[in-house]
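Participant: Okay, sequence plus prediction incoming.
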Amino acid sequence: MKLGSHLTFSGQCETAFRFYEQCFGGSIVTMLTYGHSPIAEQVPGDWREKIVHASLTVGDTELTGVDLLPKDYETPKGFYVLLNIDTPAETERIFHELSEKGTVKMPIQETFWSVRFGIVVDPFGIPWEINCIAPRQ
């Protein structure tokens with residue numbers, strides 16, 4: 001078994017995944033639009049360029065996403081996507097990239113469990129916990 005995260009968006013999945021690809025150093029594997037899928041005729045014409053399935057690999061982890069029709073979309077709540085990062089410098093970099101145009105919920109700082117930890121909601125509405133797994137010195 002392997003757990004993964006499937007993120008939902010209200011029309012900005014492609015933009016978000018291109019940003020995550022750059023920010024996390026990953027690779028987009030899939031970026032399938034509704035218009036190029038078997039359900040193209042089941043969505044409004046102005047929605048056919050939106051994403052029905054996106055996937056991004058970062059190391060051996062896969063992140064997937066979708067644009068939900070406005071009637072089905074709900075703002076993410078009740079969870080955070082946790083990023084465990086190897087070094088304090090990389091933790092700081094990723095936190096600052098995600099927080100630019102986003103909302104910082106807890107500034108990046110040292111905690112009793114981590115040399116660097118912070119919480120941010122990115123510009124696409126996705127909540128992240130950014131944690132450095134480097135040993136405390």
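Facilitator: In hand now; what should we look at?
Participant: domains for this structure, by residue range?
Facilitator: 5-67, 81-132 (automatic domain parsing).
Participant: low-scoring stretches of the chain, by residue?
Facilitator: 137 (pLDDT under 70).
Participant: So which residues of it form helices?
Facilitator: 13-24, 88-99 (DSSP state H).
Participant: closest to residue 125 out of those?
Facilitator: helix 13-24 (9.0 Å; CB to CB). Bear in mind the C-beta positions are built from the backbone N, C-alpha and C, glycine included.
Participant: So which other helices or strands are in contact with the closest one?
Facilitator: strand 5-9, strand 27-33, strand 51-58, strand 61-67, helix 88-99 (3 or more CB pairs under 8 Å, 6 or more residues apart in numbering; DSSP states H and E).
Participant: cutoff 10 Å now
Facilitator: strand 5-9, strand 27-33, strand 51-58, strand 61-67, strand 81-85, helix 88-99 (3 or more CB pairs under 10 Å, 6 or more residues apart in numbering; DSSP states H and E).
Participant: Lovely, talk soon.
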